[in-house]
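[1] can't give you the sequence, but here's the structure:
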Ligand code: ZN
């Protein structure tokens with residue numbers, strides 16, 4: 001889950017709901033909001049999700065942040081996580097589309113955080129105030145931890161981006177470091193790498209019945225050590241492209257509980273975004289606490305599709 005905060009911005013006015021064809025969506029994915037693309041692909045999520053997409057006003061006014069009980073999440077592993085990422089990418093030759101581009105992937109949380117609660121509860125400055133260094137993240141009801149999910153998707157995403165020639169850096173990998181890093185450091189890693197794009201991978205811990213993905217965009221923040229003003233525009237471009245490609249690759253609907261059905265939410269309370277000086281977004285790939293979403297999140301085949309959608313959004317953004 002992301003770091004819960006009170007200051008969601010009001011949903012932006014929704015754009016036209018006229019039907020679009022898949023072909024049209026493919027022509028201009030970066031310009032489309034997630035729910036529009038979802039309508040274009042027909043909504044493969046069954047009646048509940050289709051209803052959510054066709055009646056976005058039902059959730060348009062909600063500003064309730066994702067809820068959950070990250071501290072109750074268990075680090076137990078799940079046999080559902082047996083699918084492995086594809087083989088490592090060959091070395092870049094300089095002719096790939098993303099040659100020379102740097103992407104930083106931030107796997108949300110860390111499986112070791114459960115054993116380092118004192119360290120991760122330490123407060124760090126995020127420009128607008130102070131927040132915990134890191135959190136444990138959530139888990140499915142069957143005990144598949146968010147930190148395991150985020151690392152798996154990050155590995156798959158890294159492979160796909162390296163196949164395109166990108167230089168990819170993870171903010172942490174497996175047990176290194178053994179906890180965290182803190183959210184300010186996660187941002188700093190992207191900044192220091194001069195990343196052309198950065199993404200933080202998460203899954204939410206919201207109420208049962210809350211379904212779908214959303215991409216979190218940085219709000220305009222200029223306070224303390226935070227100044228997101230230069231990255232707000234490019235980050236929105238990045239986020240819209242990821243949302244459009246994610247919906248197409250996975251068939252998952254935009255969240256029905258935040259973002260007014262757009263799959264996009266703007267927040268100014270996340271240190272990982274506030275402190276970034278490079279284009280960056282978060283993605284909450286689904287709600288681990290909902291059984292229908294959990295069935296997806298625990299599927300290796302679905303996680304591969306998720307990584308492909310994210311990768312294609314990043315590639316689209318970096319190629320312009
Ligand atoms: Zn998270």
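    Perfect, thanks for sending it. A quick note: this is a predicted structure, and the numbers were derived from the prediction, not measured.

[2] Dihedrals phi and psi, the residue nearest to the spatial centre of the chain?
    Central residue of the chain (CA atoms, centre = their mean): residue 283, 1.2 Å from the mean position. Main-chain torsions, residue 283, degrees, to the nearest 10: phi -130, psi 130.

[3] what's the closest non-adjacent residue to it?
    In space, and not counting its chain neighbours, residue 283 is closest to residue 215: 5.1 Å by CB to CB, 6 or more residues apart in numbering. In short, each C-beta sits where N, CA and C put it, glycine included.

[4] sorry, back to before: could you give the bridge partners of the residue nearest to the centre of the chain?
    Beta-bridge partners of residue 283, counted by DSSP bridges, are residue 201, residue 215.

[5] what's near enough to touch it?
    Residues near residue 283 by CB atoms under 8 Å, 6 or more residues apart in numbering: 199-202, 213-216, 242, 246, 310.

[6] mind listing what residue 227 touches?
    Going by CB under 8 Å, 6+ apart, residue 227 touches 127, 221, 277.

[7] how about a cut-off of 10 Å?
    Listed by CB atoms under 10 Å, 6 or more residues apart in numbering, the contact partners of residue 227 are 127, 220-221, 274-277.

[8] bridging residues for it?
    residue 222.

[9] What pLDDT is listed against it?
    Listed pLDDT for residue 227 reads 97.

[10] Relative to the ion, which residue of the stretch 101-250 of the chain is the closest?
    residue 202 (3.5 Å; CB to the ion).

[11] And the nearest residue in space to that residue that is not next to it in sequence, how far from residue 220?
    Counting by CB to CB, 6+ apart, residue 108 is the residue found nearest to residue 202 once chain neighbours are left out, at 3.9 Å. From residue 108 across to residue 220, the span is 23 Å (CB to CB, to the nearest Å).

[12] Break down this structure into its strands, ranges please.
    Taking DSSP state E, the strands of the chain run over residues 102-107, 123-125, 130-132, 167-170, 197-204, 214-218, 222-223, 226-227, 264-267, 280-287.

[13] Can you name every helix or strand that the third one contacts?
    Same thing as strand 130-132. helix 117-121, strand 123-125, helix 183-192, helix 271-274 (3 or more CB pairs under 10 Å, 6 or more residues apart in numbering; DSSP states H and E).

[14] Please apply the same query to the first one.
    Taking 3+ CB pairs under 10 Å, 6+ apart as contact, the helices and strands that strand 102-107 lies on are helix 146-163, strand 167-170, helix 183-192, strand 197-204, strand 280-287, helix 300-319.

[15] cutoff 8 Å now
    Applying 3 or more CB pairs under 8 Å, 6 or more residues apart in numbering; DSSP states H and E, we find strand 102-107 packed against helix 146-163, strand 167-170, helix 183-192, strand 197-204.

[16] Same question for the fifth one.
    Using 3+ CB pairs under 8 Å, 6+ apart as the contact definition, the elements that strand 197-204 packs against are strand 102-107, helix 146-163, helix 229-250, strand 280-287, helix 300-319.
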